[in-house]
Every structure is written in C-alpha cells, then in structure tokens.
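Enquirer: what follows is a predicted protein model with its sequence.
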Amino acid sequence: MKNTLDFSEIRDWKQFEDLVMAYFELLKIEEKDIVDVKVRPSGVGSDGGRDLLVIFSVNDGVVSFERRWVVQCKFQDGNVLQRDVANVNIPSLIHQYGADGYLLVCKGSVSSGVTNMFEGLIAECRFNYKYEIWQGEQFKHRLLTKFSLHPLFFPEYHEYTELKNRRLEP
C-alpha cells in the first residue's frame, strides 16, 4: 500500500498515456468553462512527437472557441534529455495539427537542455504558440485532486486513502 501518489504504480508508457488522456477527459466534467474535450491518440507506431491531440471547446462567457494542444508523453525513469525531443520540429508539428501549443508531460524531470530549448522556442516564436512542460511532480500535483482516476491508475494509493478516510470517520 502506498501513502503517496507514485508513478511506480503505472506499468508502462501506454498506461501513462492513458492516464494523461483520462486526465484531460476529466476536465470536461470538472472545469466549468470547458464545454467539451476531445482527445485523439496518435495510434500505434512512430508518433513523430505527438502522442495525443487535445481539443478543448471553451466558453469565456461571451463566445465559445477552440484550443488545440499537441501532447507528448515521456515515461522514462531518468531525466528527459534534449536529444529525446530534439528530433521533432515542434513548431511544424503545432502548425501541422492547427494547434495552439505543445505540452510535454513527463514521468520524471527534464534536463536543463530541454528547459533551454523550450525557452528558446518561446523567445523565437512569431505565431504566439505556447510551449509547456509538466514535469512528474507537477503532473502528480494536478492528479492529487482527480480522485476518480486514483482507483484506475493508482490502486495502492487509493486503498491507502480509503483506509485513512475510514479511520477518520466518527
């Protein structure tokens, strides 16, 4: 039984991608300004830097509009290095899918080379594309309040929290 939400409960890269997909699909239910979320996986085989295409339909109170994100998931134990993402032309990938940005979601951390690469993409961007990185700890923090995902992806942690909650009940 685990007393913290831990990615060691995730078996492999496919389950990690499923977790990221489920996280985005859950936002449709939980976030009041998000009208709809469509998550399109890239499929089996080489993905060219895109594991998911996430399409949000958002309402800002005046008008509804769409936001598209190309999402790359990295399920590796060590740091994600620049060479792990350097073979992808990220701005071209964003353009290819008519997206607004690129999100790298990692199980662990990224190297300073990846951080510098993303900072360079932001500084040089002429098209107002967004470039974001969710390192493992950041993603886990987002997942802590997504209780419906815990039994599916973190069963040991879910068991611990259920047991703890039962002990707290009068």
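Expert: On my side now, so go ahead.

Enquirer: now the nearest residue to Asn59 once chain neighbours are set aside, what's its secondary structure?
Expert: Of all residues not flanking Asn59 in the chain, Val35 sits nearest, at 5.2 Å (C-beta to C-beta, 6 or more residues apart in numbering). For the C-beta atoms, the positions are set from N, CA and C on the backbone; glycine is no exception. At Val35 the chain is in strand, as set by DSSP: H, G, I helix; E, B strand; the rest coil.

Enquirer: so what's Val35 up against?
Expert: 28, 57-59, 64 (C-beta atoms under 8 Å, 6 or more residues apart in numbering).

Enquirer: give me the average confidence score over stretch 91-103.
Expert: Computed over stretch 91-103, the mean pLDDT rounds to 93.

Enquirer: okay, and for this protein, where does confidence drop off?
Expert: 43-49, 168-170 (pLDDT under 70).

Enquirer: same thing but at 50, please
Expert: Residues of the chain meeting the criterion pLDDT under 50: none.

Enquirer: where exactly do the strands run in it?
Expert: Assigned by DSSP state E, the strands in the chain fall at 34-41, 52-59, 64-74, 101-106, 130-134.

Enquirer: okay, those strands, which one's buried deepest?
Expert: Per-stretch averages of neighbours, counted by mean count of other C-beta atoms under 10 Å, single out strand 101-106 among these, with a mean of 23.

Enquirer: brilliant, that's me finished.
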